[in-house]
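Undergrad: here are the coordinates; sequence isn't available:
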């Protein structure tokens, strides 16, 4: 975790001057938000207390969450705020009160500030929240237009808030999109046997063979240290404004001219991301089992007995379906298709929204992910974990209705 990796939330949490909350404070904050949101969600399900307790424990101690949540990454901040928003939406569905929906919208906007691509799949939940807010006015004219207008306004507002926070707090924003562009261009260059990268990004002796030895389908990091000729990532010394435009145009031109090779590369990324048929030399992510060095800050490995026991539990399940992203994706896809085809969208509308959002997150990550790290799937895993409680609630409600009619 680095201070720069949560540059949107930290300025909002400043205590005084330039003092940030310490690392422990943020850890407690994110965990509290996640658990409070999960508790709010579970407690507003119409199931018995024993089942609520069981569901809370299962989701909290799910091996994936045990591995990911102890980290102070943007991904953890994102999931914490989304789960809290989901809790407030469930509160509305349980009580009918409108106030929780306004809180949920604010939380969803905050969540989408953590990762730029999340704006797309969080928008699905935002649109659903807006529909719930306007539901009492569905007989009025232009309901659809109002929903679309409000949804677009929320997305634009999110982007404006993002830029405003950066400017008002003077926070340094690190541009990262070029690393994805360089990776895409390099991988496609190897596939078409022709260098497609701009000259200012590469060393003078760069060859296709050099790129081939430095690129892998599961991460872009090797590209920036493994080539013999050298690669200018634009991270240490940022590009000039004109150079960013040249790189962007090269990137778009490559996608347009070599769509098959580009899609092949991106499908290879998705294959490793979802762990369908992983590359043989791809390391499996076990983040907190190693010492972290970044941005001149060093975080020592936690050698406590508890951490070792948690690590052992996670290691024992890393190669099971519990950590296979494709299993969660397929489950959500089946649920979405079932609900959609059975015309149960009204009865299971929240299930439909969460599954669609989870599916969309994978589609988005397929094309923008800079690596095949497990942490990027944090919403896919957790949106899937939230579906069974909703399905159980509906199933039990049907059972009760059936008993009463008899």
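TA: Here it is on my side, so go on. For clarity, every value in this text was computed on a predicted model and none was experimentally measured.

Undergrad: Which residue, neighbours along the chain excluded, lies closest to residue 278?
TA: Once flanking residues are discounted, residue 278 sits nearest to residue 272: 5.5 Å by CB to CB, 6 or more residues apart in numbering. The C-beta positions use only the backbone N, C-alpha and C, and glycine is treated the same way.

Undergrad: what about the host helix or strand of residue 110, distance to the chain center?
TA: Using DSSP states H and E, residue 110 sits within helix 99-112. Here helix 99-112 is found 17 Å from its chain centre; the criterion is CA atoms, centre = their mean, to the nearest Å.

Undergrad: what comes up buried for it?
TA: The neighbour-count check on helix 99-112 (16 or more other CB atoms under 10 Å) flags 100, 101, 103, 104, 105, 107, 108, 109, 110, 111, 112 as buried.

Undergrad: repeat for stretch 269-281
TA: Using 16+ other CB under 10 Å as the test for burial, stretch 269-281 gives 269, 270, 271, 272, 273, 274, 275, 278.

Undergrad: Would you format these as CSV with pLDDT and distance to residue 91 included?
TA: Conversion of those to CSV gives the following (pLDDT from 0 to 100; distance: CB to CB, whole Å):
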residue, pLDDT, distance to residue 91
269, 94, 38
270, 95, 35
271, 94, 39
272, 93, 38
273, 94, 33
274, 95, 33
275, 93, 35
278, 83, 40
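
Undergrad: Where does the prediction get shaky in the stretch 101-250 of the chain?
TA: Along the stretch 101-250 of the chain, segments meeting pLDDT under 70 span 136-152, 154-175.

Undergrad: Quickly list the domain ranges of this structure.
TA: Using automatic domain parsing, the domains assigned to the chain come out as 3-173+305-405, 177-283.

Undergrad: count of neighbours near the spatially closest residue to residue 52 that is not a sequence neighbour?
TA: Ranked by CB to CB, 6+ apart and with sequence neighbours excluded, the top spatial neighbour of residue 52 is residue 42, at 5.0 Å. Taking other CB atoms under 10 Å as the criterion, the count of residues near residue 42 is 22.

Undergrad: mind listing what residue 357 touches?
TA: 121, 122, 124, 125, 379, 383 (CB atoms under 8 Å, 6 or more residues apart in numbering).

Undergrad: Let's see that with 10 Å instead.
TA: Going by CB atoms under 10 Å, 6 or more residues apart in numbering, residue 357 touches 82, 86, 118, 120-128, 332, 379-380, 383.

Undergrad: cool, and residue 79?
TA: Residues in contact with residue 79 (CB under 10 Å, 6+ apart) are 30, 33-34, 37, 65, 68-69, 73, 111, 114, 118, 375, 378-379, 381-383.

Undergrad: Equivalent analysis for residue 186, please.
TA: By CB under 10 Å, 6+ apart, residue 186 lies in contact with 195-197, 201-202, 206, 208, 210-212, 214-215, 220, 223, 227, 231, 265.

Undergrad: What strand or helix carries it?
TA: Per DSSP H and E: residue 186 is located in helix 177-192.

Undergrad: now swap in residue 353 and tell me
TA: Take DSSP H and E as the rule and residue 353 turns out to sit in helix 349-368.

Undergrad: What residues of that helix count as buried?
TA: 350-362, 364-366, 368.

Undergrad: That one vs helix 177-192, what angle?
TA: Per axes from the mean of the first three to the mean of the last three CA atoms, to 10 degrees, the angle that helix 349-368 makes with helix 177-192 is 70 degrees.

Undergrad: how about the helices in the stretch 101-250 of the chain?
TA: Using DSSP state H, counting those that start in this stretch, the helices of the stretch 101-250 of the chain run over 118-134, 143-169, 177-192, 208-214, 241-257.

Undergrad: so which of the contacts of residue 357 is the most crowded?
TA: residue 82 (30 neighbours).

Undergrad: Give me the secondary structure label for it.
TA: Under DSSP: H, G, I helix; E, B strand; the rest coil, residue 82 falls in the helix class.

Undergrad: measure the closest residue to it other than its chain neighbours to residue 214 for me?
TA: Distances taken as CB to CB, 6+ apart put residue 111 closest to residue 82, at 4.6 Å, once the chain neighbours are dropped. Distance of residue 111 to residue 214, computed by CB to CB, to the nearest Å: 35 Å.

Undergrad: In helices only, show me the contacts of residue 79.
TA: 30, 33-34, 37, 65, 68, 111, 118, 378-379, 381-383 (DSSP state H).

Undergrad: Need those residues in a markdown table (columns: distance to residue 257).
TA: Conversion of the ones in helices among the contacts of residue 79 to a markdown table gives the following (distance: CB to CB, whole Å):
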| residue | distance to residue 257 |
| --- | --- |
| 30 | 43 |
| 33 | 45 |
| 34 | 44 |
| 37 | 45 |
| 65 | 42 |
| 68 | 38 |
| 111 | 36 |
| 118 | 30 |
| 378 | 34 |
| 379 | 33 |
| 381 | 36 |
| 382 | 38 |
| 383 | 36 |
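
Undergrad: From these, pick the one nearest residue 177.
TA: Proximity of the ones in helices among the contacts of residue 79 to residue 177 (CB to CB) peaks at residue 118, which lies at 14.6 Å.

Undergrad: Just to check, the closest one is in contact with residue 111?
TA: Yes: using CB atoms under 10 Å, residue 118 makes contact with residue 111 at a distance of 6.7 Å.

Undergrad: between those two, what contacts are shared?
TA: Here residue 118 and residue 111 share the contacting residues 78, 79, 82, 158, 379, scored by CB under 10 Å, 6+ apart.

Undergrad: so how far is residue 134 from residue 95?
TA: As judged by CB to CB, residue 95 and residue 134 stand 18 Å apart.

Undergrad: Mind checking which of these two has more residues around it?
TA: When residue 95 and residue 134 are compared for neighbours, residue 134 comes out ahead with 16 against 11, by other CB under 10 Å.
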